[in-house]
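# coords please:
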Amino acid sequence: MANSVVQMRRLLPQFAAAFSLFFPKTRLSYPMNVALFVPCYVDQFFPQVGVATLELLEKLGCAVTYPTEQTCCGQPMANAGYEHLASGCEMNVQRIFSSFEYVVTPSGSCTVHLREHLPAAHGSRIYEVCEFLTDVLRVKSLAASFPHRIGLHSSCHGLRGLRLASMSEQNEPAFSKPIQLLSLVDGLELVYPERPDECCGFGGTFCVTEEAVSVKMGQDRVDEHLANNVDYIVGSDMSCLMHLQGILRRRKSNTDVLHIAQVLNAYEPA
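Numbering: from 1, shown residues only. Predicted coordinates:
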């Protein structure tokens, strides 16, 4: 892999301390009880996203439980064509979270996978964090401040699998749940790329099996955001943002990536 496009054009993230190390053994009591599902790549590379999601949910009145027996949802195996090997992970998720009315996760792609592969009674309880905030909690205000210029990346699973926003290929009224939430953050300046719902090229194993195409697609996304002089590229899937971050770091760019939960949970005085 030393001379591969993965190494030459992207920098991969380093492992971090697992999210469970940041989760206290006791939590306060709140009116709504929810379980937090932290995707394996968030747990290993971006635990700060899990922390931000936890803190955000608690600020909005939720009692958050983090079952420590949780593992990968099985999406990587299924996407690679080994769907039968994912069933153990899926059944583990079903078993662990079956007693919760709501399961919230900072990942659109994991949400789509579980909804499509678990029985409806279980899959329907799983929510991506943006749709949980807009559709269940119906959030109308946030005590958040983030005085930065950002560009929004709309991930394919969230956009087309969960309908977090309208799609450019369909003739329909424009809407966006992420933009609806970001509009509640003080000081934030949101600028739009020319192609707001273009794929970044990550695609799970696609970025390995078709790495040259994957990198070119990611570079196109990065180029559009950098042309807008953004401080951060913000999205709802860290898998896509990890891909874009690798390209940004290889270029030694000052622009970085943030999960939308980190922005909604932020408080930076202007």
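
# show me where the stretch 51-200 of the chain has strands.
Applying DSSP state E, counting those that start in this stretch to the stretch 51-200 of the chain gives strands spanning 62-65, 103-105, 126-128, 149-153, 189-191.

# list the helices and strands the second one packs on?
In other words, strand 103-105. Helices and strands touching strand 103-105, by 3 or more Cβ pairs under 8 Å, 6 or more residues apart in numbering; DSSP states H and E, are strand 32-36, helix 47-59, strand 126-128. The way it works is simple: take the backbone N, C-alpha and C, and place the C-beta from them, glycine included.

# Now with 10 Å, please.
Strand 103-105 sits against strand 32-36, helix 47-59, strand 62-65, helix 87-97, helix 108-117, strand 126-128, helix 129-131, with contacts defined as 3 or more Cβ pairs under 10 Å, 6 or more residues apart in numbering; DSSP states H and E.

# what does the third one give?
Using 3+ Cβ pairs under 10 Å, 6+ apart as the contact criterion, the secondary-structure elements in contact with strand 126-128 are strand 103-105, helix 108-117.

# Which of the strands of the stretch 51-200 of the chain sits closest to Leu137?
The minimum distance between Leu137 and those falls on strand 62-65, with 7.9 Å, by Cβ to Cβ.

# Okay, buried residues for the closest one please.
Cys62, Val64 (16 or more other Cβ atoms under 10 Å).

# again with stretch 117-125
His117, Leu118, His122, Gly123, Arg125.

# so how far is Lys252 from the last one?
Distance from Arg125 to Lys252, counting by Cβ to Cβ, to the nearest Å: 43 Å.

# ditto for the third one
From His122 over to Lys252 the distance is 45 Å, taken as Cβ to Cβ.

# same deal with the first one?
Taking Cβ to Cβ as the measure, His117 and Lys252 are separated by 40 Å.

# And for the second one?
As judged by Cβ to Cβ, Leu118 and Lys252 stand 43 Å apart.

# Tabulate the helices and strands packed on strand 103-105 in TSV, adding columns for distance to Tyr232 and mean pLDDT.
Below are those laid out as TSV (distance: least, Cβ to Cβ, whole Å; pLDDT from 0 to 100):
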stretch	distance to Tyr232	mean pLDDT
strand 32-36	23	91
helix 47-59	13	96
strand 62-65	25	94
helix 87-97	31	94
helix 108-117	18	94
strand 126-128	20	98
helix 129-131	17	98
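
# Format those as TSV; extra columns: distance to Gln75.
Formatted as TSV, these follow (distance: least, Cβ to Cβ, whole Å):
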stretch	distance to Gln75
strand 32-36	17
helix 47-59	17
strand 62-65	22
helix 87-97	8
helix 108-117	4
strand 126-128	12
helix 129-131	17
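
# for those, which one sits closest to Glu172?
helix 129-131 (17.4 Å).

# who touches that closest one?
36, 49, 52-53, 56-57, 104-108, 111, 139, 158, 162-165, 176-182, 236, 259-261, 264 (Cβ atoms under 10 Å, 6 or more residues apart in numbering).

# Great, nothing more from me.
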